[in-house]
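From the sequence below, what's the structure:
(one chain, ligands or ions: 1)
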Amino acid sequence: MAILVLGGAGYIGSHTVYELIAAGRDVVVADNLLTGFKAAVHPKARFYQLDIRERGALDTLFQAEKIEGVIHFAASSQVGESMSNPLKYYDNNLYGTMVLLQAMVAHGVDKIVFSSTAATYGEPERVPILETDKTVPTNCYGQTKLAMEHMMSWVSKAHGLKYVALRYFNACGAHPSGAIGEAHNPETHLIPLILQVPGGKREKISIFGDDYATHDGTCIRDYIHVSDLAQAHILALDYLLKGGDNNVFNLGNGVGFTVKEVIDVARKVTGHSIPAEICPRRAGDPAQLVASSEKARTVLGWKPQYDDLETIVATAWAWHKDHPNGYEG
Ligand code: UFG
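Coordinates of the predicted model:
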């Protein structure tokens, strides 16, 4: 039996496929390659280029492969874009997931682990954030991810599907082998943007606001290594395969760093002065997002290996230095 990874050519998906293959699992990857890269797909995975909104393509795949569980990363994930083009998010994230679940129900595939997000919480009432805290998304991206969680829950009641939603905090870093890493076009995330400065692609990094209620005025985030996220998906799928019930887990290190602190760590790792400029706040940024991941540690036995930001940034730097244009040349 194989594991189907949807969106397995994307950043977190490709790292999860690498961990699954390293663990000896049989892996099928499906991706429409709109934001993912064929070069990021592990050569030992069987690859289908398809869009999850195409029911016929999903039927063909489920008929050809014996799938015991699905890990679902296939979604749009840019907060800013979700505000200017919300219908794209309803189409890709919600309609796409609806078609996928219809196909899974039709083919008797009843276990799914999927990417949710810290953006489901919106402006948190307290940190660290617990899974039981209020979910009031402040952007359309977070809203569609929360709606995906609700969709799974209703489909579970009606059809017996079992799901785990993994609410990621700030994914970062790259595979320690240097084979795969983070590549978005356009890039919007802090760490790859900072590393573009020593990489010679950007003159300085913009700091979006230094008047937040934090110790240095810049936003605090919980940075978690992508390989640790990947491990959590495998643990979550095995939890379901062993009969575990529907569940939701936060995934973060439980430690927050300000934007200025992240830039300082990058200066240390790269040896570059990395000039920074204070800019206005970016709309919709909560001051602080830090996870309590106690539940994932206790229930899934998850133990992040990369709890040190310097090591995390060093893995990202190793990838970006060798791949200044990501997978494209
Ligand atoms: N930032 C800057 N300058 C930049 C880019 C980012 O100061 O050039 C700041 C942001 O304002 C924010 C922090 O760096 O305070 C981190 O920003 P990212 O864009 O890297 O990440 P976000 O925290 O905004 O977003 C991440 C995920 C989203 C997810 C969100 C949950 O990328 O998918 O966490 O809130 F929705």
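
quick one: low-confidence ranges for this structure?
For the chain, the stretches flagged by pLDDT under 70 are 329.

Please, where are all the strands along it?
2-6, 27-31, 46-49, 67-72, 111-117, 162-168, 170-172, 205-208, 220-221, 223-225, 247-251, 257-258, 276-279, 288-289 (DSSP state E).

To the ligand, which of the ones you listed lies closest?
For the ligand, the closest of the strands of the chain is strand 205-208, at 3.6 Å, according to Cβ to the nearest ligand atom. For glycine as for every other residue, the C-beta is placed from the backbone atoms N, C-alpha and C.

for that closest one, packing partners?
helix 259-270, strand 276-279 (3 or more Cβ pairs under 8 Å, 6 or more residues apart in numbering; DSSP states H and E).

any bit of it sitting next to the ligand?
Yes: Strand 205-208 lies within reach of the ligand by Cβ under 6 Å from any ligand atom, at Ile205, Ser206, Ile207, Phe208.

Check what contacts that strand and list those residues.
The contact list for strand 205-208 (Cβ atoms under 8 Å, 6 or more residues apart in numbering) reads 193-194, 197, 218-219, 259-260, 263, 274-282, 285.

overlap between the residues you listed and the residues near the ligand?
Answer for the contacts of strand 205-208 near the ligand (Cβ under 6 Å from any ligand atom): Leu193, Cys219, Val259, Arg282, Asp285.

Buried subset of those residues as a PyMOL selection?
In PyMOL syntax, the buried subset of those is picked out as below (16 or more other Cβ atoms under 10 Å):
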select buried, resi 193+219+259+285
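
and the closest residue to the ligand within the stretch 151-300 of the chain, how far is that from Asp285?
Nearest to the ligand in the stretch 151-300 of the chain, going by Cβ to the nearest ligand atom, is Cys219, at a distance of 3.0 Å. Relative to Asp285, Cys219 is positioned 6 Å away (criterion: Cβ to Cβ, to the nearest Å).

Ala147 too?
When Ala147 is compared with Asp285 (using Cβ to Cβ), they lie 22 Å apart.

can you check Ser206 too?
Ser206 is 13 Å from Asp285, by Cβ to Cβ.

joint contacts of the two?
By Cβ under 8 Å, 6+ apart, no residue touches both Ser206 and Asp285.

now the angle from the longest helix along the chain to strand 247-251?
Scanning the chain for the longest helix, with DSSP state H as the assignment, gives helix 140-159. Counting by axes from the mean of the first three to the mean of the last three Cα atoms, to 10 degrees, helix 140-159 lies at 150 degrees to strand 247-251.

circling back: same list (the strands of the chain) but as TSV, adding mean neighbour count and distance to Glu328.
Compiled in TSV, the strands of the chain are given as follows (neighbours: other Cβ atoms under 10 Å; distance: least, Cβ to Cβ, whole Å):
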stretch	mean neighbour count	distance to Glu328
strand 2-6	26	22
strand 27-31	25	16
strand 46-49	16	17
strand 67-72	23	26
strand 111-117	25	24
strand 162-168	24	25
strand 170-172	22	20
strand 205-208	18	22
strand 220-221	24	27
strand 223-225	26	24
strand 247-251	24	29
strand 257-258	21	30
strand 276-279	14	27
strand 288-289	22	31
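
how much space is there between the residue lying farthest from the centre of the chain and Lys204?
The outermost residue of the chain, judged against the average C-alpha position, is Ser273 (29.4 Å), by Cα atoms, centre = their mean. Distance check for Ser273 against Lys204: by Cβ to Cβ, it reads 10 Å.

buried residues in stretch 288-305?
Those would be Gln288, Leu289, Val290, Ala291, Ser292, Ser293, Lys295, Ala296, Leu300, Trp302, Pro304, for stretch 288-305 by 16+ other Cβ under 10 Å.

ok, the residue nearest to the second one when sequence neighbours are not counted to the ligand distance?
The shortest distance from Leu289 to any non-neighbouring residue, by Cβ to Cβ, 6 or more residues apart in numbering, is to Ala118 (5.0 Å). In this structure, Ala118 and the ligand are separated by 4 Å, where distance is defined by Cβ to the nearest ligand atom, to the nearest Å.

is it true that Ala118 touches Ala291?
Yes: proximity of Ala118 to Ala291 meets the contact threshold set by Cβ atoms under 8 Å, at 6.8 Å.

Contact partners for Phe47?
Gly8, Ala9, Val28, Val29, Ala30, Asp31, Lys38, Val41.

circling back to that earlier point, filter the buried residues of stretch 288-305 by proximity to the ligand?
Restricting the buried residues of stretch 288-305 to those adjacent to the ligand (criterion: Cβ under 6 Å from any ligand atom) gives Leu289.

can you put the buried residues of stretch 288-305 in a markdown table and add distance to Phe114?
Putting those into a markdown table (distance: Cβ to Cβ, whole Å) gives the following:
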| residue | distance to Phe114 |
| --- | --- |
| Gln288 | 25 |
| Leu289 | 20 |
| Val290 | 23 |
| Ala291 | 17 |
| Ser292 | 20 |
| Ser293 | 17 |
| Lys295 | 17 |
| Ala296 | 15 |
| Leu300 | 15 |
| Trp302 | 16 |
| Pro304 | 20 |
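
Could you tell me which residues of this protein lie near the ligand?
Proximity of the chain to the ligand, by Cβ under 6 Å from any ligand atom, involves residues 77, 79, 117-119, 141, 170, 188-190, 193, 205-208, 219, 221, 259, 282, 285, 289.
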